[in-house]
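J.: Fold the following for me, if possible:
(3 chains)
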Amino acid sequence: MRSDSLLAAPNTLFRLCVRWYALAAVWFMLMATFSPALFLGDDGFDVLAGQALTSGRDATLLARQLMLQIGVTLPLVIGALVSGAATELLRTPMSWTLPRVRRRMLSGHALLLLPLTVVVGYGALARTDVHTAVVAACAATFWYAVGVNWLTMGHRPVVSYPVICVAIIALFRPSWYAAAMAPTVASWPITIAVGALVSALGLGLLLQHTGAASGRAAVGVGMRTQRLGLVGVTIGPAFGRRTAVFSRADGSVRHTLTDWVEAAFIESSWSTRAGLLGRGAILTLLSTFLYVANGQIGILGFSFAQHGLQLSGQVVYPLSRPERANIQFLCCLIDVVILGVVTTAVMTALEMLHVPRTLMGVPSTSVDWRLDLMAVLALAPIAQWFRALGPLTVGRAMTVAIVPMTLMMVGALMLPRGLDALLGHPGRGVLLLILVAIGVGMQVLHYVALHYVYARRDLVRSI
Amino acid sequence: MRDVTSRDTPMLTAESVLSFTHVHKSFKSTTALSDVSLEVPRGTIVGLVGRNGCGKTTLLHHVTGLMLPTSGTCTTFGVSTNALGAREHARMGVVHQHAKLLGWMRVEQLLQYIATFYESWDVSLSQQLTDRLQLSRDGKVAELSPGNVQKLSLVLALSHRPELLLLDEPLSDLDPTARQDVLAILLEYFSARECTIVISSHLLHDIEPMVNRIICLEQGRVTANADLDTLKESYAEWIVTTRGTPLPLSWSEPGIVRAQGDASQARLIVRGELATRESLRVSMASRYDIDIESRALNLERLFPVLTGDRTTPPERAHAIR
Amino acid sequence: MLILIDANHGVPAYRQIVDQLRFQIASGRLPAGTELPSTRALAQQLGINPMTVSKAYGLLEAEGLLRHRPGLALTVAPQSVAQVEEEREARLRAALEPAALAARQLGLSKTRAVALFRQLLSETPVAEENADA
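T.: Have a look, this model is predicted:
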């Protein structure tokens, strides 16, 4: 007979999080967060080593900003990841009648907070004073609560908008955030600390009393939650577009490749219609502002590995296998092109506006982003490869995708430098050409491999 | 041994386990429930029947509090459904129609996980049930066939010994043997524990032996809410054969709810109390010079009548006892 | 005691149990004092709702065919001779009604129908324990 002790309850949350894709994501995040080079560029090591900076900027200020940023990023992202895992349960109708399901997760959250605040506080203590450390620890609680409530905050714009604005400022312009917070923190550390804790508590209670209404909405019961069901060749309504892509007036049976790609586009609407384009821009911006240089490789690689433009593997479309392979190839290629174009456009714009490429204001010195970008685009098919298996659930996708994604990212990182060294510094133009050639070669390989696989594999997952 | 008389008397419950009072539920353009008033007394097994899309699932969602009525009140365990708390939820077990469980867990893990939510979870019962239903505890939930998902949903719903079981199409994916197993399990559970079961199913043939009350919905309205036995006893099918004179084309007697046939033979469905029906039979037999043979109707054959279906289904052979 | 019911039949299950028990009591297959299975046991055996069984038992008890003493199982009550005779005739009548209707529909005369019945009676083996009252 199980006991209802406090020790048993945290498992309600933890059990949902202990899946190795979630742990892997947390690990990556921790790596990224604590890798100083990612935040401060070359100064990072100096800052953490407590030595004089080569760039001549104020070390204490940079350290403070770094701590503030870690104090916001880390809890926010961990909170969001954890709440994502929890939401997976909370969206099932089964969870509706589980007694006290949300309350039980609170103890899990509380336990997670403990090491989090210790880490943030200690990091702050090492670089700054006790007051800042305490405030940082309390603020970590607050930002964790924000992260956890991320998905439900949309229900309460009064609360969410101001908080999100602050979060964005803290992430993208920590100097502003620091400038605003530093004097306040120095003068009223206790007030800020208490305020942060109280707000965190408030948000925690918000989570509990999401209110039966939004709780029910979360379970997704109602007539309007009809998934984009696909029956035969009729595709459900998507954003008001015509309902059946293939019910054309001319009654032609032979649908063109474009039609199918369009169908794939409609099917991919989980990321919203504009998402495909917007995603590239947003991701580029994020990577530019959050990370230095090679960061966007990570982001792009990650995004290629995700579910992009693709036809559902489940539905019995009237397609022959070679046709399916062609469609898959074309969709992947379109993905590559779109993301490539968007990223280039955004990066060029940023360059022309002379926007500094790190949050700390330290300009990135290391790498020419064009080469990195080209390398990623060239090797993209590796990360896209597993999509040929058909659409997978988010969890499964991440598990399966990690290996190809890592391979691709490592390869993309090494390729420009490797070629550079190998060919004895031939210059950027030549390197670009070589990378383009590699890219074309990869696409050819991709095409051939797709046809090979589609000729042989089962199109439906057997249960 | 259990005293026989404890179940003899009809339920004199002070409190019904769930009740609806003039419940009306509409979504943007559709009305799902229309002026639904009903009470389910404790200790009954209710069969919730109706055509597709008539509102059965909506009704069950109202009982659990997942949906709230647009107007009217709805209570479960005496508590208004918008205020249902953990205590009430712990007393009910629900099987949803298209259950979405946590696919990435293994069956064993999911059982252990859900067990932590309930004080009254009985591990030996869950073990017995999985054994009896031949449900492997090792596989991943996402890889279970639909039939096994249904079985697992049932195990999850039963293992904490609820007082109220709400089953939304719990048999639809099961093979005939599994169906019999599930029904036997439900009946055993009902015998062993004072509980109420509401089972919504299309498989009338299967639920008929275990159900003692029928609630029939048609387009959001309650068209029947009665004891199954009473329902069966209030309807009869008459096979009318002429003794000479051709039969009338239409029958205007009160109580005749369906009529089908030609000049020599007709099939009528008659509603009313036994005495009323008998007197009508006698009077009609003499008036029209006909032979009337009366047959009883089972649930499956009553279904179109209860749901107001005006079309008459094709005649199927039924053994005459 | 063997009871066979078809829960999917138009005749309610409780009524089938009642009819069959009446028949068995009337025919002497269940002599007075025979213990009947409990509600739960019979329900499990037949695969039906126990409330149906208890309804049937309750009805028969109200009619005086069954007797329940507190703390003990339900038993068949002793019947008076007149009761038994009446019951037997009632059972036979129920069995004969459809036959009469069939005879009329087939156009057989009364004498022919009765002769046929007589023939059948002599053909059917009579159970040994049934002493004609």
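J.: before we move on, what SS does the residue in the stretch 101-250 of chain B that chain A sits nearest to have?
T.: Of all residues in the stretch 101-250 of chain B, the one sitting closest to chain A is B:Phe117 (4.6 Å; Cβ to the nearest Cβ). Using the backbone N, CA and C atoms, a C-beta is placed for each residue, glycine as well. At B:Phe117, secondary structure determined by DSSP: H, G, I helix; E, B strand; the rest coil is coil.
J.: Go ahead and confirm it touches A:Ser95.
T.: No - taking contacts as Cβ atoms under 8 Å, B:Phe117 lies outside contact range of A:Ser95: 9.4 Å.
J.: Now do the shared contacts for those two.
T.: Shared contacts of B:Phe117 and A:Ser95 (Cβ atoms under 8 Å, 6 or more residues apart in numbering or on different chains): A:Val101.
J.: Any buried residues in stretch B:194-206, and which?
T.: For stretch B:194-206, the buried set under the neighbour-count rule, 16 or more other Cβ atoms under 10 Å in any protein chain shown, comprises B:195-204, B:206.
J.: Residues of the stretch 1-150 of chain B that sit close to chain A?
T.: By Cβ under 8 Å from any Cβ of the partner chain, the part of the stretch 1-150 of chain B that sits against chain A consists of B:27-28, B:30, B:32, B:61, B:64-68, B:82, B:86-87, B:89-90, B:92-94, B:96, B:99-104, B:109, B:113-119, B:121, B:123, B:142-145.
J.: Can you list which of those residues are found in strands?
T.: Within these, membership in strands is found for B:32, B:92-94, as judged by DSSP state E.
J.: Looking at these, which two lie furthest apart in space?
T.: Set against one another by Cβ to Cβ, those have their most distant pair in B:Ala32 and B:Gly93, with a gap of 23.6 Å.
J.: between the ones in strands among the residues of the stretch 1-150 of chain B next to chain A, which is nearest chain C?
T.: Minimum separation from chain C among those (Cβ to the nearest Cβ) is found for B:Gly93, which lies at 18.5 Å.
J.: Who are the contact partners of the closest one?
T.: By Cβ under 8 Å, 6+ apart, B:Gly93 lies in contact with A:97, B:156-158, B:160, B:162, B:164-166.
J.: Just the pLDDT at it, thanks.
T.: B:Gly93 is assigned 94 on the pLDDT scale.
J.: same check, this time on A:Leu433
T.: You'll see A:Leu433 listed with a pLDDT of 87.
J.: Just want the residue of chain B that's nearest chain A.
T.: Nearest residue of chain B to chain A, counting by Cβ to the nearest Cβ: B:Ala86, 3.7 Å away.
J.: The stretch 351-463 of chain A: strands as residue ranges?
T.: According to DSSP state E, counting those that start in this stretch, the stretch 351-463 of chain A carries no segments that qualify as strands.
J.: Chain B contacts on chain C?
T.: Proximity of chain C to chain B (Cβ under 8 Å from any Cβ) is limited to residues C:6-15, C:38-40, C:43-44, C:46-52, C:54-55, C:57-58, C:61, C:68, C:70-71, C:73-74, C:98, C:101, C:104-105.
J.: ok, of those, which come out buried?
T.: In those, burial by neighbour count holds for C:7-15, C:38-40, C:43-44, C:46, C:48-52, C:54-55, C:57-58, C:61, C:68, C:74, counting by 16+ other Cβ under 10 Å.
J.: near chain C, which residues of the stretch 201-321 of chain B show up?
T.: If contacts are counted using Cβ under 8 Å from any Cβ, the residues of the stretch 201-321 of chain B sitting beside chain C are B:205, B:208-212, B:228-229, B:232-233, B:237, B:241, B:291, B:293, B:295-301, B:318, B:320-321.
J.: Now which of those residues would you call buried?
T.: Once neighbours are counted (16+ other Cβ under 10 Å), the buried part of those comes down to B:208-212, B:228-229, B:232-233, B:237, B:291, B:293, B:296-301, B:318.
J.: Point me to the residue of chain C nearest chain A.
T.: Of all residues in chain C, C:Asn49 sits closest to chain A, at 25.1 Å by Cβ to the nearest Cβ.
J.: got any ranges where the stretch 351-463 of chain A has weak pLDDT?
T.: Along the stretch 351-463 of chain A, segments meeting pLDDT under 70 span A:353-369, A:386-403, A:405-406, A:409, A:413, A:457-463.
J.: where do the helices sit along it?
T.: Using DSSP state H, counting those that start in this stretch, the helices assigned to the stretch 351-463 of chain A run over residues A:369-384, A:394-422, A:428-456.
J.: where does the closest residue to C:Gly47 other than its chain neighbours fall, helix, sheet strand or coil?
T.: Of all residues beyond its chain neighbours, the one nearest C:Gly47 is B:Pro209 (5.6 Å), with distances taken as Cβ to Cβ, 6 or more residues apart in numbering or on different chains. Three-state secondary structure (criterion: three-state DSSP) places B:Pro209 in coil.
J.: Chain C contacts on the stretch 51-200 of chain B?
T.: Taking Cβ under 8 Å from any Cβ as the contact definition, the stretch 51-200 of chain B meets chain C at B:180, B:183-184, B:187-188, B:190-191.
J.: buried stuff in the strand or helix carrying B:Leu152?
T.: Taking DSSP states H and E as the definition, one finds B:Leu152 inside helix B:146-158. Of all the residues in helix B:146-158, those buried under the rule 16+ other Cβ under 10 Å are B:147-158.
J.: Check the residue nearest to the spatial centre of chain C and give its pLDDT.
T.: For chain C, the residue whose C-alpha lies nearest the mean C-alpha position (Cα atoms, centre = their mean) is C:Phe23; its distance is 1.8 Å. pLDDT recorded at C:Phe23 is 86.
J.: For the helix or strand hosting it, what is the distance to the chain centroid?
T.: C:Phe23 belongs to helix C:13-26 when elements are defined using DSSP H and E. For helix C:13-26, the gap between its own C-alpha mean and the chain's C-alpha mean amounts to 4 Å (Cα atoms, centre = their mean, to the nearest Å).
J.: how's the chain carved up into domains?
T.: Just so you know, I chose chain A. Taking automatic domain parsing as the domain assignment, the ranges for chain A are A:11-219, A:230-456.
J.: Let me rephrase: I mean chain C.
T.: The domain map for chain C lists C:13-76, C:81-123, with the assignment taken from automatic domain parsing.
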